[in-house]
Each structure stands twice: as C-alpha cells, then as structure tokens.
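1. Whatever this is, show me its structure:
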Amino acid sequence: MKKAHVIGVSGVAMSATAKLLLDKGWEVTGSDEACYPPASTYVEKLGFTFYKGYTPNNIPKDVDLIIVGRNAQLDPKVNTEVQEALKLKNAGKVNILSYPQALRELSDGMNRVVVAGSYGKSTVTSLISYILVHAGKEPGYFIGAYPNDMEYTSNLGKGEVFVMEGDEYPTAHGDNRAKFLHYEPNTVLLTSIDHDHVNVYPTYDDYKKPFIKLLQGLPKDGLLVACTDNVGVNEVGYNTNAEVVTYGVYNDATWTAQNITYSETTTFELRKDGITITNLETQLLGKHNVQNIVGASALLLERGLVTPNELTDAIKNFSGVKRRLNRITNNNTIPAYEGFGTSYEKARSAIGAIKLHYPNKDMLILFEPHTFSWRNRDALYWYDDVFREASAVLVFHPAEQGAGTHKQLSQAEIVERINNSGVQAIAVNNEEEVHEQLKSLINPNTTLLILSSGNLDGALDNLPKWLNKLNIK
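-> Numbers count the residues shown, from 1 in each chain. This next block holds a predicted model:
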C-alpha cells in the first residue's frame, strides 16, 4: 500500500484529492492549521489520520507522496512542514505534487470534462456529476464545494468520464500556472470570464490568458460548450480547434431556456435550435441557475451521456450546493440564504436571484470581505454598485490572512465606499455585534443574504439556529 501525506488537507479541493487517493487504495494522512465545519466534519468522515497544526513530525517516515496546497500559510518560506517536505524531495526520498498534478495522474485514461469560468463552475460541476450518478453511470468527479445531494466531493468512479471543476487560480507556491492547465481535457464547459483574482491577474487581459490556453489545448475531436450570454466567453470562446456548442438564457444560442416561470419551483423548456427537447423543473433560485442547468444539459446531451428523461428526473431532485443560495432558516421565519460571493459577479448573481424570487421584500446583506479580491484596493470600485438593491449591508472585518501580500483594504474604507454609494453600511466585528445589528434591522418584510467564503470568525456556524429562534416583530 502506498502512503500519501496532504499538507493543507482541510481545504475543499485538498480533501477531495485525499478522497480520490483513498479510492485508489492509498493510505492517507493530512495536516492543517485550522479546520471548521463543514470542512472538519468532512475530513472526519473520510477517516484518515489528521494532524492539527504544521510541524515536520507530521510527515510519515515511509511516505511515498506529499501533496502541498496553495494556501498562504503553506508558503515554504514560513511553513516548517513544507520545508521538511522539500528537504525529503531534494534528497530523492519522496515525490511532491500539487493537487492539480495529482488529479491529472489519478484521472489518467479517462475522458476528462472540465468546467471552468469565473463563477458557476461548482454548481455546474456538481449538477453534471449528480445527473450522471443519478442515472447510474458511475462517473469520476472532483468538485470544489459541498453538494447537498452527494455524500462526497469526489469519487474515482468506474466509468470512462471524469468531471472536474477547473480553477484558474495559480497551482502552487512556485508554480503560477492556472490549475486547469494541468488537466488536458477533451471537453470544456465555459460558464463565464469576468475579471477576478486581481492580486494574481492585475488586468483583464492577464486574466483571460489562461482560459485561452485551456481552449487552445482542446483536441480537434474535443468539445467546447460555451455560454454566449457572457461577454468574456464571446471574446475568447473561439480560440479552439474543437467543436463549439453554445448555450444561454439572455441571448440566442444552440441550447436555450424558454417560457421560464420563476416560483418556489422554477420551470422552463429546454430547447436545441428552437426545438423543445424536454421540460425541466428545478429547486434552484435565480436566472443564473437556469443558465447553469442549460449548460450542464447541453454538455450531457451533446456527448450522449444521458437521455432527456434521465436528465429531467435528476434535475428535479437536485437541491444545489452548500453556500450557493441554500436556505438556512425554517419556512416559518424570515427567508435567509447563504451565498458564496467571492467576486463581484458572484455577488451580483446571488443578489439578483434573491430579488427575482422576493421582489417586494427588503434585502439585508451580511457580507464578509474574505477573498483577496474583495479586500484588494484595486477592486475598491466594486463597492460602488454591487449592493445597490440592498436596504442595508453589515460589513464584517476583512480577513487578515495574506494581508501583507497585496493592497489590503480596511473595514473602514469598505464601509465608507458603500455608504458613499447610497446604501447604508454598518461595521460588525464579532458574533455579538452581528446579532445586535440583525435584531435591530430584521422585520417581517426582510430577506437576509449572507455573502462570504469565510465563516465570520465562527459566527456563521451558529447563525441558522439563532435566526430560527429570533422573535420578529
């Protein structure tokens, strides 16, 4: 039995990689500095030995492979466990891979499907994987989020297809290639290209370059499924020799949604070249999720991976992905949803969905500027209109991890910019202050949207229970 050690294992992608190694029959250990639900719960469920904190002693003496993540805490300049791993590698005692390199090897011999884009990729990857599992196809898959309807975020599978969420962020410390450039897919679904990760890609042209490389790498018998509703996709989507199929909701495309009815359950006709293929219904909120469903359907049906009936039945039962507009309160309390607003466009999609389904309610937003993009001075202009439909915004203090590596914004600067846009912004710094402000602002006509990729210093874990007990007058 081969042995692998995963440094930074509590990240969603890293724990998903650990699961694939377990599927392959490897013995796995891992370490991380901090681990909170749902990551900690998921790592515990996988059942391998987990070390909290980083130290050279965590690395097993007879380890064959070490996988090192891209987290700022894993910089070899400051992390002693990573330093020890590099010493072992330089002495010829162990192999070190990034998780994208490991995925490339673990999926060798399969037909790789990569879902890429600035937003929507976790939902679309989860949806494609769920439909295939629901239809009994036993696919391999790798998802960078926690699907509500699937026990695991990854699976090695038994079929020919391996569905992968493709991230454009750099691979590792010392490897600045976009993660998805390691995967060599024969099918790509491209959801969107909107400038993101400004700390890595200072200009929009910089940001587009890895996507162009991804599409140029598709083989001639490959397939690109492209969302032509998105301007960025239209700008780069034809840098490929592969077949191109388009999808959309807002614009004409090969695959479209027509006669959309938004309600607690949204229904629409899925059409190809104007001909209705099937009628679909979904629990997911928002026009952007209709768009996601059309894209996933286009890929699966173009590749002949499922039948229209299998597609229809699976989509009806798919309830989404954790932190992607899932409701966290009971039906007899205020509607409260948790979004994953890691960028401007993701936040706008979540806000638009809430406004679409609750047009006559006041939208209160609890926002944590957790990602580098939200707390980078070069993206300060995002705050000029991103929250324009909100009645008020509670701004949690920005994360401090990696603050010295970029142009870090202060909480006061963010609050001031939002207030200057005409939307009330209030600073909150801990759980007590969050509860205090929510009590004062929530009324029977309120919807609450939480936007963060962090956990509000742990306050997010208890918030659903607290909201369900809240006495609203």
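
2. make it CA atoms for all contacts and neighbour counts henceforth
-> OK.

3. Just the mean pLDDT for the lengthiest helix in the chain, thanks.
-> Secondary structure of the chain per DSSP state H: the longest helix is helix 287-302. Across helix 287-302, pLDDT averages out at 96.

4. helix or strand right after that helix?
-> helix 308-317 (DSSP states H and E).

5. mind listing what whichever helix or strand comes after that following helix pairs with, with the direction of each?
-> Reading on from helix 308-317 to the C-terminus, the next helix or strand found by DSSP H and E is strand 326-327. Partners of strand 326-327 in the sheet, by DSSP bridges, are strand 336-339 (antiparallel).

6. Point out where the protein drops to low pLDDT.
-> Across the chain, the ranges flagged by pLDDT under 70 are 473.

7. Now residue 331: which helix or strand?
-> For residue 331, there is no host helix or strand (DSSP H and E).

8. ditto for residue 83
-> Secondary structure assignment for residue 83, by DSSP H and E: helix 80-90.

9. before we move on, back to that, can you give me the angle the longest helix of the chain makes with helix 308-317?
-> 150 degrees (axes from the mean of the first three to the mean of the last three Cα atoms, to 10 degrees).

10. Figure out how far helix 287-302 is from the centre of its chain.
-> A distance of 17 Å separates the centroid of the chain from that of helix 287-302, by Cα atoms, centre = their mean, to the nearest Å.

11. Give me the residues contacting it.
-> With Cα atoms under 8 Å, 6 or more residues apart in numbering as the test, helix 287-302 has contacts from 120, 123-124, 127-128, 189, 191, 225-227, 247-249, 255-257, 270, 284, 306-308, 311, 315, 349, 353.

12. Just the ones of those residues in strands?
-> Applying DSSP state E to the contacts of helix 287-302, the entries found in strands are 189, 225-227, 247-248, 255-257, 270.

13. Distance check, residue 81 against residue 172.
-> Using Cα to Cα, to the nearest Å, we find residue 81 at a distance of 15 Å from residue 172.

14. how many neighbours does the residue nearest to residue 81 when sequence neighbours are not counted have?
-> Distance criterion Cα to Cα, 6 or more residues apart in numbering; nearest residue to residue 81, sequence neighbours excluded, is residue 56 at 4.3 Å. Using other Cα atoms under 10 Å, residue 56 has 13 neighbouring residues.

15. And residue 56, how far from residue 8?
-> 13 Å.

16. can you check residue 471 too?
-> 41 Å.

17. With residue 312 instead?
-> From residue 312 to residue 8 the distance is 38 Å (Cα to Cα).

18. Mind checking which of these two has more residues around it?
-> For the pair residue 312 and residue 8, the greater number of neighbours falls to residue 8 (27 against 19), based on other Cα under 10 Å.

19. Just give the nearest non-adjacent residue to that one, would you?
-> Among residues not flanking residue 8 along the chain, residue 32 sits closest, at 4.7 Å (Cα to Cα, 6+ apart).

20. May I see the buried residues of stretch 406-415?
-> Neighbour-count burial for stretch 406-415, with 16 or more other Cα atoms under 10 Å as criterion, is recorded at 406, 408-411, 414-415.

21. In TSV, list those along with secondary structure and distance to residue 178.
-> Shown next, in TSV, are the buried residues of stretch 406-415 (DSSP: H, G, I helix; E, B strand; the rest coil; distance: Cα to Cα, whole Å):
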residue	secondary structure	distance to residue 178
406	coil	19
408	strand	23
409	coil	25
410	coil	29
411	helix	30
414	helix	29
415	helix	33
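
22. and the nearest residue to residue 265 once chain neighbours are set aside, how many neighbours does it have?
-> Ranked by Cα to Cα, 6+ apart and with sequence neighbours excluded, the top spatial neighbour of residue 265 is residue 283, at 5.1 Å. Residues near residue 283, counting by other Cα under 10 Å, number 17.

23. Please shift the residue numbers so they start at 12 in all later answers.
-> Done: numbering now begins at 12, and the last item shifts to residue 294.

24. who are the neighbours in contact with residue 294?
-> Contacts for residue 294 (Cα under 8 Å, 6+ apart) come out as 275-277, 327-331.

25. What of residue 32?
-> 15, 38-39, 117.

26. before we move on, what about residue 348?
-> Contacts of residue 348 (Cα under 8 Å, 6+ apart): 336-340, 459-461.

27. Just the buried ones out of these, please.
-> Here, 16+ other Cα under 10 Å leaves 336-340, 459-461 buried among these.

28. wait, which of those residues is closest to residue 478?
-> Among these, residue 340 lies closest to residue 478 (Cα to Cα), at 6.7 Å.

29. Find the helix or strand that the closest one is a member of.
-> According to DSSP H and E, residue 340 maps onto no helix or strand at all.

30. from memory it sits against residue 477, does it?
-> No: using Cα atoms under 8 Å, residue 340 makes no contact with residue 477, being 9.4 Å away.

31. mind giving me the domain ranges of this structure?
-> For the chain, the structural domains run 14-108, 112-328, 337-480, going by automatic domain parsing.

32. For the residue nearest the centre of the chain, give me its contacts.
-> Nearest to the geometric centre of the chain sits residue 133, at 4.4 Å (Cα atoms, centre = their mean). Shown in contact with residue 133 (Cα under 8 Å, 6+ apart): 154-156, 176, 332.

33. right, and the secondary structure at the closest residue in space to residue 148 that isn't next to it in sequence would be what?
-> Nearest non-adjacent residue to residue 148, counting by Cα to Cα, 6+ apart: residue 170, 6.7 Å away. Assigned with DSSP: H, G, I helix; E, B strand; the rest coil, residue 170 falls in the coil class.

34. Can you tell me how far residue 170 is from residue 483?
-> Distance from residue 170 to residue 483, by Cα to Cα: 51 Å.

35. swap in residue 63?
-> Counting by Cα to Cα, the gap from residue 63 to residue 483 is 40 Å.

36. what does residue 222 give?
-> Here the distance between residue 222 and residue 483 works out to 48 Å (Cα to Cα).

37. Count the residues that sit near the closest residue to residue 272 other than its chain neighbours.
-> Leaving out its chain neighbours, the residue that sits closest to residue 272 by Cα to Cα, 6+ apart is residue 278, at 5.3 Å. Residues lying near residue 278 (other Cα under 10 Å) number 20.

38. Now do the same contact list for residue 278.
-> Contacts of residue 278 (Cα under 8 Å, 6+ apart): 270-272, 290-293.

39. Widest-spaced pair of those residues?
-> Greatest spacing in those, by Cα to Cα: 270 and 293 (13.8 Å).

40. So for the two, which sits in the more crowded spot?
-> Legend: neighbour count by other Cα under 10 Å for residue 270 and residue 293, higher for residue 293 (23 against 10).

41. Can you tell me what sits against stretch 456-474?
-> Contacts of stretch 456-474 from elsewhere in the structure, counted by Cα under 8 Å, 6+ apart, are 47-48, 345-353, 358, 362, 365, 369, 372-382, 407, 441-442.

42. repeat that for 7 Å
-> Stretch 456-474 is contacted from outside by 345-353, 372-381, 442, using Cα atoms under 7 Å, 6 or more residues apart in numbering.

43. any chance you could map the helices in the stretch 312-461 of the chain?
-> Residue ranges of the helices in the stretch 312-461 of the chain, as given by DSSP state H, counting those that start in this stretch, are 319-328, 355-368, 422-431, 442-452.

44. out of the ones you listed, which comes closest to residue 209?
-> Closest to residue 209 of the helices of the stretch 312-461 of the chain, according to Cα to Cα: helix 355-368, at 11.5 Å.
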